[in-house]
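Q: Mind folding the following:
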Amino acid sequence: MKKILFPTDFSDAANNAFVHALEFAKIVNGELVLLHTFELPMYDNQFFPENYNVLFDSLQLSQFDMFKDEISKLHSIAEKLNLNHIKMSHRLMDGTLLFNIKKAIEEEKIDFIVMGTSGVTGWEAFFLGTNTGNVLTAVDVPVLSVPSDYKFKKIEIIGFTTRYRSKDKKALRDVLKIAKKTNATVKCLYVKTNDSDVAASTIKKWEEEFADEPILFSIIPSDDVQDTILDFVLFKDIDVLAMLTYKRNFFVELFKPSLTQKFSNRLGIPVLAMHE
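A: Next up is the predicted model:
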């Protein structure tokens with residue numbers, strides 16, 4: 001059974017992503033590990049020699065009480081969706097979000113992470129900053145990023161961007177496993193720029209190897225990679241876009257802040273970031 005880590009701050013964006021996490025768990029036959037982190041304020045105990053421990057105990061207790069109340073609300077959401085059969089466990093951890101996510105991944109043997117994005121929207125938040133972006137660049141498991149206003153719908157078409165490398169093929173097979181569980185089609189995109197070095201024979205081998213799979217390959221000549229991916233998502237009715245992260249510098253260059261705000265506001269679908 002796959003284990004899916006769902007970090008939450010119990011915001012509206014996180015609660016929306018929780019629905020996606022439940023549905024994803026259903027697809028991959030997984031269970032959820034709900035994680036909430038908090039950071040206690042730093043105090044110098046020389047100024048609070050008598051009630052230092054009492055102060056911290058009180059702060060931890062208030063976090064615990066809030067955690068219990070919010071977890072109960074999440075269980076109610078699962079029940080309304082008839083997904084309360086999805087196994088869920090809970091972790092309340094003191095410390096920074098990124099540190100505790102890494103710790104939970106190791107201790108719980110996590111296979112996937114599902115997170116909501118908020119604040120700066122879409123891909124700018126995902127690749128260039130915010131909690132979700134920080135997690136993406138620091139962990140080695142796939143991260144499903146869910147825009148705060150994207151309501152779940154059945155996954156019928158999964159987009160996948162490729163550069164026809166061996167590491168892409170492995171990622172494509174992983175995406176294919178997910179697609180088959182939901183009877184989805186994978187639409188694979190290669191943006192062929194002027195300096196592309198992929199041989200026609202390589203493309204042909206891929207098409208032959210995946211000929212019996214629910215995969216459609218598209219090759220689009222363009223030097224504007226960002227807009228080409230956007231058009232592909234819009235006109236091919238993509239429900240989830242899966243991408244291999246390569247190096248973070250690739251995304252920083254590809255989705256520059258000056259361009260990304262316009263782009264991210266128009267994309268608006270979940271992105272599954274997979275690692276090399």
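Q: which residues of this protein fall in helices?
A: Taking DSSP state H, the helices of the chain run over residues 12-28, 52-80, 97-108, 122-128, 130-138, 166-181, 200-209, 225-235, 248-254, 257-267.
Q: Give the rounded mean pLDDT of the fourth one.
A: Put plainly, it is helix 122-128. In this model, helix 122-128 has a mean pLDDT of 41.
Q: Could you check how many residues crowd around the residue nearest to residue 10 when sequence neighbours are not counted?
A: For residue 10, ignoring the flanking residues on the chain, the nearest one in space by CB to CB, 6 or more residues apart in numbering is residue 70 at 4.3 Å. Every C-beta, even on glycine, is put in place using the N, C-alpha and C of the backbone. Residues lying near residue 70 (other CB atoms under 10 Å) number 17.
Q: Contacts only, for residue 194.
A: Residues in contact with residue 194, defined by CB atoms under 8 Å, 6 or more residues apart in numbering, are residue 223.
Q: any idea how far residue 228 is from it?
A: Plainly put, residue 194 is 13 Å away from residue 228 if you go by CB to CB, to the nearest Å.
Q: What part of the protein, helix or strand, is modelled with the least confidence?
A: helix 122-128 (a mean of 41; mean pLDDT, DSSP states H and E).
Q: buried set for stretch 83-99?
A: Residues 83, 86, 88, 91-93, 97-98 are the ones in stretch 83-99 that count as buried (16 or more other CB atoms under 10 Å).
Q: Go through the residues you listed and flag which are in strands.
A: Judged by DSSP state E, the subset of the buried residues of stretch 83-99 located in strands is 88, 91-93.
Q: tell me the centre residue of this structure?
A: Geometric centre of the chain, nearest residue: residue 144, 1.8 Å, by CA atoms, centre = their mean.
Q: Could you measure from it over to residue 208?
A: Residue 144 is 30 Å from residue 208, by CB to CB.
Q: May I have stretch 158-169 exported as PDB, CA atoms only?
A: Output of stretch 158-169 as PDB, limited to C-alpha atoms (Å, rounded to 0.1, in the frame of the first residue of the first chain):
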ATOM      1  CA  ILE A 158      -2.700  13.200 -17.800                       C
ATOM      2  CA  GLY A 159      -0.200  15.400 -19.600                       C
ATOM      3  CA  PHE A 160       3.500  14.500 -19.500                       C
ATOM      4  CA  THR A 161       6.300  16.600 -20.800                       C
ATOM      5  CA  THR A 162       9.400  14.700 -22.100                       C
ATOM      6  CA  ARG A 163      12.800  15.300 -23.600                       C
ATOM      7  CA  TYR A 164      13.100  11.600 -24.600                       C
ATOM      8  CA  ARG A 165      15.800  10.700 -22.100                       C
ATOM      9  CA  SER A 166      16.100   7.400 -20.300                       C
ATOM     10  CA  LYS A 167      15.100   9.000 -17.000                       C
ATOM     11  CA  ASP A 168      12.000  10.400 -18.700                       C
ATOM     12  CA  LYS A 169      11.000   6.900 -19.800                       C
END
